[in-house]
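Asker: sharing a model that was predicted from the sequence below.
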Amino acid sequence: MRCPLLWLAVRDLRQTGWRSGLTALSLAVTIGAISVLERQTQIQQAMMLKGSESAGAATFLADVEVPETEIDDLKRTMRGLDAIAAVEAPYRGSDIGVIAETAFLVFENDKQQEYLGARIAVLGVDGSFDLARDYYERIGVAAGQPILGIPLIVTDGMARPPMVGEALIPKSVAEYVGVRAGVLAIVELAHGFEAGESFARRYELRVIGTFDAIGPDEGRFAPLWRLTARGQDVLTVRRTDARELTTTLPVVLNAELVRYFLGDLQRELGTQGIEAGESGGRRQLVMQVSSRAPRRGVGHAADCRRGPDGGGSARARNQDPARSGQRPYRSSRCRP
């Protein structure tokens, strides 16, 4: 009786040992594969950052004060110069007074739907916009705060500017909600949020990718939860400091969608008899200097505004903290 029991015990021990060994081996292989993928991702991001830093050495910023309708003409004029390789004029939420509440459906039945998302900044771009090179934003709301380049490094999905009907979202927001590229997002653009009375429109967009924003606000956003019933909002819960929270973390949209929203806003203001004025337009040009052109410095910016005689003028200022003062110059290419 004892021999069969001993044989069964030894057999069971051997089987258990084999199973434990195979389990440990599979875990080791999995951990090794994850480590290799993580290392490859780090190398790729380091290479993209290095390229972004190299490009940044030839980047000039221009703060423009011309009507929104003339920005595209100014871009074409600047692109015609031999010294300029590329010019971008993105729609930044800080310039146009627009924020985005980007939400995703996380639960629904025949009576209600629940959405989870975040309140973040807005960045509207054209197809030539370089995500890793061309995004510059002021840190904070004070006028004297520095302007920093914030590379947007795509980590999942398509590494290109979105077309109409598409969007790129921050990786931190995607991880918070639990979504990946390919999901539908409900993006609500709102103007006048701080005043309490806002003009808002919602758009259903396909998320083509997620990105890491290499900057101080990489994971800074205001989460929100929304409950709807039969297509109507019932309840939206935000952080208590959502109105005061500012972030450079954007949802990247196609510039045409932003222009469409601003057009609706202008028509709405017109019906209410409110004069829109000159505010709410693009205020920044990002220019890449051609390698054929002589470089007078690194990290310059310029102001392009109406001159006293109605003509355009541009003023360059050195953004290097080690140098102060300004180096003004005139350009007949800057339109009124």
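Answerer: Great, that's in hand. Numbering: from 1, shown residues only.

Asker: how about low-confidence regions in the stretch 151-300 of the chain?
Answerer: 193-197, 242-244, 274-280, 290-300 (pLDDT under 70).

Asker: tell me where it has strands.
Answerer: Assigned strands in the stretch 151-300 of the chain, in chain order: 152-157, 166-170, 184-191, 199-213, 222-229, 232-238, 250-254, 284-289, 300-306 (criterion: DSSP state E, counting those that start in this stretch).

Asker: for those strands, give me JSON lines that also has mean neighbour count and distance to Arg76.
Answerer: Heads up, the C-betas are built off the backbone N, CA and C, glycines and all. Formatted as JSON lines, the strands of the stretch 151-300 of the chain follow (neighbours: other C-beta atoms under 10 Å; distance: least, C-beta to C-beta, whole Å):
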{"stretch": "strand 152-157", "mean neighbour count": "20", "distance to Arg76": "25"}
{"stretch": "strand 166-170", "mean neighbour count": "26", "distance to Arg76": "25"}
{"stretch": "strand 184-191", "mean neighbour count": "20", "distance to Arg76": "27"}
{"stretch": "strand 199-213", "mean neighbour count": "19", "distance to Arg76": "28"}
{"stretch": "strand 222-229", "mean neighbour count": "16", "distance to Arg76": "38"}
{"stretch": "strand 232-238", "mean neighbour count": "11", "distance to Arg76": "41"}
{"stretch": "strand 250-254", "mean neighbour count": "26", "distance to Arg76": "20"}
{"stretch": "strand 284-289", "mean neighbour count": "22", "distance to Arg76": "12"}
{"stretch": "strand 300-306", "mean neighbour count": "19", "distance to Arg76": "14"}
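
Asker: of these, which is nearest Tyr115?
Answerer: strand 222-229 (4.3 Å; C-beta to C-beta).

Asker: partner strands of the closest one, with direction?
Answerer: Partner strands and pairing direction for strand 222-229 (DSSP bridges) are strand 112-125 (antiparallel), strand 232-238 (antiparallel).

Asker: CA atoms only for it, dumped as PDB, please.
Answerer: Coordinates of the C-alpha atoms in strand 222-229 are reproduced here as PDB (Å, rounded to 0.1, in the frame of the first residue of the first chain):
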ATOM      1  CA  ALA A 222      -8.800  67.700 -16.100                       C
ATOM      2  CA  PRO A 223     -10.800  64.500 -16.300                       C
ATOM      3  CA  LEU A 224     -14.500  64.500 -16.800                       C
ATOM      4  CA  TRP A 225     -17.500  62.000 -16.700                       C
ATOM      5  CA  ARG A 226     -20.700  62.600 -18.700                       C
ATOM      6  CA  LEU A 227     -24.100  60.800 -18.500                       C
ATOM      7  CA  THR A 228     -26.500  61.100 -21.300                       C
ATOM      8  CA  ALA A 229     -30.000  59.700 -21.900                       C
END
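
Asker: could you shift the numbering so residue one becomes 372, and keep it that way?
Answerer: Happy to do that; since the first residue is 372 now, the last one works out to strand 593-600.

Asker: where do the helices of the stretch 422-571 of the chain begin and end?
Answerer: Secondary structure of the stretch 422-571 of the chain (DSSP state H, counting those that start in this stretch): helices at 442-450, 464-467, 542-548.

Asker: out of the ones you listed, which is closest to Tyr486?
Answerer: Taking the helices of the stretch 422-571 of the chain one by one with C-beta to C-beta, helix 542-548 is closest: 9.1 Å.

Asker: for the closest one, packing partners?
Answerer: Helices and strands touching helix 542-548, by 3 or more C-beta pairs under 8 Å, 6 or more residues apart in numbering; DSSP states H and E, are strand 469-479, strand 483-496, strand 523-528, strand 570-584.

Asker: can you give me the domain boundaries for the chain?
Answerer: 372-427, 430-460+653-707, 467-650 (automatic domain parsing).

Asker: returning to what we had before: TSV for the helices and strands packed on helix 542-548, including distance to Gln659?
Answerer: Shown next, in TSV, are the helices and strands packed on helix 542-548 (distance: least, C-beta to C-beta, whole Å):
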stretch	distance to Gln659
strand 469-479	26
strand 483-496	15
strand 523-528	16
strand 570-584	20
